[in-house]
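Visitor: how would this look folded up:
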Amino acid sequence: MRTALARVCTPALLAVVAGCGADDPLSDAGPPGSASEPPELSGTLAAHNQVRAQVGLPALTWDPALAAVAKTWAARCIDVQDPIGLVDHNEGRSTGGAYVGENIYGSSGSATGPAAVASWASEAANYNYASNTCSDVCGHYTQLVWRETTKVGCALQDCARLQYGRTVVCNYAPGGNINSRRPY
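Guide: The predicted structure follows:
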């Protein structure tokens, strides 16, 4: 049986689903769109941009530096926050630089970048734009559609010892879910 799970950072209503880092994951990034997503994540950028287009937002570009930070973190396969078998958030991802958002998706079966994005996008049903509130988890969705975010980089990792070991980590810059601001 295949199950999937997404981790939300904090219990706050529009939880910060972000924070990343090496010293500054953006400092050595090339020009926006200078590299494309790796083959194992084919369609991930397009899936992000389809969700953003639904609310009239500009497309994101793939950022290899953000992807490298996501890959390094995901490869650690760390789950100490709540040992249910899903990779923890990288709380240090924004250290020394601009705030970086993060979404994490895990599956006990197969997982793809586009499937992770679809899972996060499904949280749109929980978000009320008029009141800027969530009836249930929606922080992954609001990061996807954060107006100021311009770049994304993701990684796919197999963590065999975790229950939800097939993991997708996406990092976003600038990060979203800031206090009580509307995403768009």
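Visitor: Could I get the contacting residues of the spatially most central residue of the chain?
Guide: In the chain, the C-alpha nearest the mean C-alpha coordinate belongs to residue 103, at 2.4 Å (C-alpha atoms, centre = their mean). Counting by C-beta atoms under 8 Å, 6 or more residues apart in numbering, residue 103 makes contact with 6, 17, 116, 120, 140, 143-144, 169-170, 172. Backbone N, C-alpha and C define where each C-beta goes, glycine included.
Visitor: Out of those residues, the closest to residue 55 would be?
Guide: Distance to residue 55, by C-beta to C-beta, is smallest for residue 144 among these, at 9.5 Å.
Visitor: excluding its backbone neighbours, what's nearest the closest one?
Guide: Counting by C-beta to C-beta, 6 or more residues apart in numbering, residue 144 lies nearest to residue 51, which is 5.2 Å off, once chain neighbours are set aside.
Visitor: ok, back up a step: backbone torsions only: list them for the residue nearest to the centre of the chain.
Guide: phi -120, psi 140 (degrees, to the nearest 10).
Visitor: Ok, the one 4 residues further on next?
Guide: Listed backbone geometry of residue 107 is phi -140, psi 150, with angles given as degrees, to the nearest 10.
Visitor: Number the chain from 29, please
Guide: Right, with 29 as the first residue, what we last looked at is residue 135.
Visitor: from memory it sits against residue 190, does it?
Guide: No - using C-beta atoms under 8 Å, residue 135 makes no contact with residue 190, being 10.4 Å away.
Visitor: isn't residue 152 right next to residue 165, touching?
Guide: No - judged on C-beta under 8 Å, residue 152 makes no contact with residue 165 at a distance of 11.2 Å.
Visitor: And the helices in the chain, which stretches?
Guide: 72-81, 92-102, 141-149, 167-172 (DSSP state H).
Visitor: Which neighbouring elements make contact with the last one?
Guide: Right, helix 167-172. On a contact count with 3 or more C-beta pairs under 8 Å, 6 or more residues apart in numbering; DSSP states H and E, helix 167-172 meets helix 72-81, strand 129-135, helix 141-149.
Visitor: could those go into TSV alongside distance to residue 207?
Guide: Output for these, formatted as TSV (distance: least, C-beta to C-beta, whole Å):
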stretch	distance to residue 207
helix 72-81	21
strand 129-135	14
helix 141-149	20
